[in-house]
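**Q** please work out how this folds:
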Amino acid sequence: MTRGKPSRRVGLARALSKLGYCSRSDGFDLIQSGRVGLNGATQRDPEAPVRWEKDRIEVDGRPVAAAAKVYLMLNKSRGVVTTASDEKGRQTVYAFLGREFVKQNRAWVSPVGRLDKASEGLLLLTNDSEWAARVLAPATHLDKIYHVQIDRVADPALLESIVFGGNAEERDVLRAKRVRILRNGERNSWLEMVLDEGRNRHIRRMLERLEVEVLRLVRVAVGPLVLGPLPKGRVRPLTATEKEALDQAMDKQMRS
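**A** The predicted structure follows:
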């Protein structure tokens, strides 16, 4: 196995995942079943340390090499969970990739962050763990845009509370970077919210504190990447232009 970086050691199961061969949990199973070799010897310890530059990993006697980098955009449907498997038997985002994709690309991809079960829209997947970490890093401050339907007609006071985060004395202040009304109905409104941080269930918790119920929540953009007309449940590769634009946006944020 040849790789220029990183130089630090990682556990064997994690190494299989980072190489894009399989998920970390599947790696545990492969290792414990005796199908994985490390430097010519069968290794049954999933946490056995691996040195990227020197060690050789094999599965069923075949060398494991780093998979080609894959960058995908999925339009996640409501009710789908962002995990590799689910103990409750719920549908996961991997159902939309299909066996043909995995066979063709020979790559195990992981979600870049999460959308909760009830949320919809743009979800990135990749086997490039370093790139995923950059997208999620607080220092990049990538804008993430959401369209949110709420259970009331929005007014200026509500928009102000969303931007300023309600009670400033709270330890965990939740706020939006920007918010605007997309349209008002008789009983509810659609808002566009922009976040530049990614806390767990950020929008739902923020609005719950304001006694506002979220009816629908759709992520429509991450940085310069826009969901656009991609149908629900469909996945496509990022174009080279899209990938470059996102990388440039992250570089710009890191420099500012």
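**Q** give me the neighbour count for residue 69.
**A** 14 (other C-beta atoms under 10 Å). Placement of C-beta: from N, CA and C, glycine included.
**Q** report the contact partners of the closest residue to it other than its chain neighbours.
**A** The shortest distance from residue 69 to any non-neighbouring residue, by C-beta to C-beta, 6 or more residues apart in numbering, is to residue 128 (4.8 Å). Under the criterion of C-beta atoms under 8 Å, 6 or more residues apart in numbering, the contact list for residue 128 reads 69, 70, 71.
**Q** residues touching the first one, list them.
**A** Contacts of residue 69 were listed using C-beta under 8 Å, 6+ apart, and they are 126, 127, 128, 131.
**Q** look at residue 123 and give its secondary structure.
**A** Put simply, residue 123 is strand when judged by DSSP: H, G, I helix; E, B strand; the rest coil.
**Q** quick check, nearest of the contacts of residue 128 to residue 177?
**A** Nearest to residue 177 among the contacts of residue 128: residue 71, at 25.0 Å, using C-beta to C-beta.
**Q** quickly note the distance from the closest one to residue 239.
**A** For residue 71, the distance to residue 239 (C-beta to C-beta, to the nearest Å) stands at 9 Å.
**Q** neighbour-wise, which of the two wins?
**A** Taking neighbours as other C-beta under 10 Å, residue 71 and residue 239 compare with residue 71 leading, 21 against 12.
**Q** and the contacts of residue 128 as TSV, adding distance to residue 121, pLDDT and secondary structure?
**A** Below are the contacts of residue 128 laid out as TSV (distance: C-beta to C-beta, whole Å; pLDDT from 0 to 100; DSSP: H, G, I helix; E, B strand; the rest coil):
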residue	distance to residue 121	pLDDT	secondary structure
69	23	88	coil
70	20	89	coil
71	17	94	strand
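**Q** residue 206: which of those residues is nearest?
**A** Using C-beta to C-beta, residue 71 comes nearest to residue 206 of the contacts of residue 128, at 29.7 Å.
**Q** contacts only, for that closest one.
**A** Applying C-beta under 8 Å, 6+ apart, the residues near residue 71 are 124, 125, 126, 128, 131, 237, 238, 243.
**Q** from residue 48, how far out is the residue nearest to the last one when sequence neighbours are not counted?
**A** Using C-beta to C-beta, 6+ apart and skipping residues adjacent in sequence, the residue nearest residue 243 is residue 71, 5.5 Å away. Noted for residue 71: a distance of 30 Å to residue 48, by C-beta to C-beta.
**Q** repeat that for residue 60.
**A** Residue 60 is 18 Å from residue 48, where distance means C-beta to C-beta.
**Q** who's more crowded, the two?
**A** residue 48 (16 against 9).
**Q** which other helices and strands contact the helix or strand containing residue 160?
**A** According to DSSP states H and E, residue 160 maps onto helix 156-164. Judged by 3 or more C-beta pairs under 8 Å, 6 or more residues apart in numbering; DSSP states H and E, the packing partners of helix 156-164 are strand 178-184, strand 189-195.
**Q** how about those strands, which one is nearest residue 112?
**A** Among the helices and strands packed on helix 156-164, strand 189-195 comes nearest to residue 112, with 14.9 Å by C-beta to C-beta.
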